[in-house]
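> Using only what follows, build the 3D model:
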Amino acid sequence: MIADPQCVVLDCPDPARLAEFYAAVLGDEADRPDKRWAPGEDWATVHTQAGLVLCFQRVEEFSPPAWPDPARPQQFRLDFGVRDLNRAQEQVLALGATVLDGGTDARGWRVFADPAGRPFRLVRH
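All right, here's what the predicted structure looks like:
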């Protein structure tokens, strides 16, 4: 092994807003004290219960993906396992997500955009 994963860093226009969104989705805490990072207006974090840290950094001229348009591809997507797709959909929409692909119950997953426009997927497990 060469390295251990420390974090995933996502560009966005408003790091605090996106950290609060994902903290609410995952039931975790935004900007927990951590000697590795100093949250501020250009940087925010979410420490997940699984141990992974999601970091959000400000990009002034952020251009979100246009899923599923290959001219502006997603480049990166977070997938989250859920027990109840309908309930999880209600919850993420209430937090500010938008539906990109509502899918079918038989398919077992749905695609949304977070408040910055980046795709993420809820997957029934």
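> count of residues packed around the closest residue to Ala113 other than its chain neighbours?
Nearest residue to Ala113, sequence neighbours excluded (C-beta to C-beta, 6 or more residues apart in numbering): Thr98, at 4.8 Å. Heads up, the C-betas are built off the backbone N, CA and C, glycines and all. Neighbourhood size, Thr98 [other C-beta atoms under 10 Å]: 11.
> Find me the pLDDT at Thr98, would you?
Looking at Thr98, its pLDDT is 96.
> That one contacts Phe112, doesn't it?
Yes: the pair Thr98 / Phe112 is scored as a contact, 6.3 Å apart, by C-beta atoms under 8 Å.
> on that earlier part again, any idea how far Glu41 is from the residue nearest to Ala113?
Thr98 is 25 Å from Glu41, where distance means C-beta to C-beta, to the nearest Å.
> how about the strands of the chain, start to end?
Along the chain, the segments classed as strands by DSSP state E run 7-12, 29-30, 43-47, 53-58, 78-82, 98-101, 109-113, 119-124.
> low-confidence ranges in this structure?
Scanning the chain with the threshold set as pLDDT under 70 gives 3.
> which helices and strands sit right next to the longest helix seen in it?
Longest helix in the chain, counting residues (DSSP state H): helix 15-26. Identification of packing neighbours for helix 15-26 by 3 or more C-beta pairs under 8 Å, 6 or more residues apart in numbering; DSSP states H and E yields strand 29-30, strand 43-47, strand 53-58.
> ranking these by burial, who's on top?
Neighbour counts (mean count of other C-beta atoms under 10 Å) averaged over each of these peak at strand 43-47, with a mean of 22.
> I'd like to check the angle between that strand and helix 15-26, please.
Counting by axes from the mean of the first three to the mean of the last three C-alpha atoms, to 10 degrees, strand 43-47 lies at 10 degrees to helix 15-26.
> Relative to Pro33, how far out is Asp105?
41 Å.
> Could you do Ala94 as well?
Relative to Pro33, and taking C-beta to C-beta, Ala94 is found at 28 Å.
> for Leu85, same thing?
Taken as C-beta to C-beta, the span from Leu85 to Pro33 is 34 Å.
> Look up the closest residue to Arg58, ignoring the ones flanking it.
Nearest one to Arg58, counting by C-beta to C-beta, 6+ apart, is Asp42 at 4.2 Å.
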